[in-house]
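compute the structure for the input listed below.
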Amino acid sequence: MVSTSTDIARICDNVKNLLISKNLAYGDSALNPVRVMSKATPIEQILVRIDDKLSRISRGNLLGDDEDVINDLIGYFVLLKIAI
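Here you go, the predicted structure:
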C-alpha cells in the first residue's frame with residue numbers, strides 16, 4: 001500500500017512538472033503578461049483564472065477533455081503565492 005507521504009510527493013511533483021512545462025511553453029506569462037488587451041496586475045489575472053477553475057469545479061467539471069482542473073487550480077495557487 002502506498003503511503004500518504006508518497007502520494008503527496010507524487011502529486012506535488014506532477015504539479016511542479018506541469019507548472020515548469022507550461023512556463024517553458026508560454027513564457028512567464030502568468031507573472032509577466034504581455035499586456036496587449038488587459039492592464040490588470042498579474043495577481044488579478046491569476047485570481048480570475050482561479051475563479052474560472054472554481055466555477056468549473058462548482059459545475060461538477062473536475063476533469064475536462066484536455067486538462068485536470070484540480071491540478072490547474074493547485075498550479076494557479078502556487079503562482080499566486082509566488083506573485084504575492
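
rest of the way, CA atoms for contacts and neighbours
Fine.

which helices and strands sit right next to the host helix or strand of Leu79?
Secondary-structure element containing Leu79, defined by DSSP states H and E: helix 69-83. Judged by 3 or more CA pairs under 8 Å, 6 or more residues apart in numbering; DSSP states H and E, helix 69-83 is in contact with helix 4-26, helix 42-58.

angle of the shortest one against helix 69-83?
Orientation check (axes from the mean of the first three to the mean of the last three CA atoms, to 10 degrees): helix 42-58 against helix 69-83 gives 160 degrees.

neighbours around Asn71, how many?
Around Asn71 there are 20 other residues, counting by other CA atoms under 10 Å.

identify the residue spatially nearest to it, adjacent ones excluded.
Leaving aside its chain neighbours, Asn71 sits nearest to Val15 (6.1 Å; criterion: CA to CA, 6 or more residues apart in numbering).

list the residues that contact the one you found.
If a contact means CA atoms under 8 Å, 6 or more residues apart in numbering, then Val15 has Asn71, Asp72, Ile74, Gly75 as its contacts.

tell me the one among these nearest to Leu31.
For those, the residue nearest Leu31 by CA to CA is Gly75; the value is 12.6 Å.

and that closest one, what pLDDT?
Here the pLDDT value assigned to Gly75 is 94.

pretty sure it is touching Ile20, no?
No - the pair formed by Gly75 and Ile20 falls short of the contact definition of CA atoms under 8 Å, at 10.0 Å.

ok, these two, which is more surrounded?
Neighbour count, other CA under 10 Å: between Gly75 and Ile20, Gly75 has more, with 21 against 15.

thanks a lot, catch you later.
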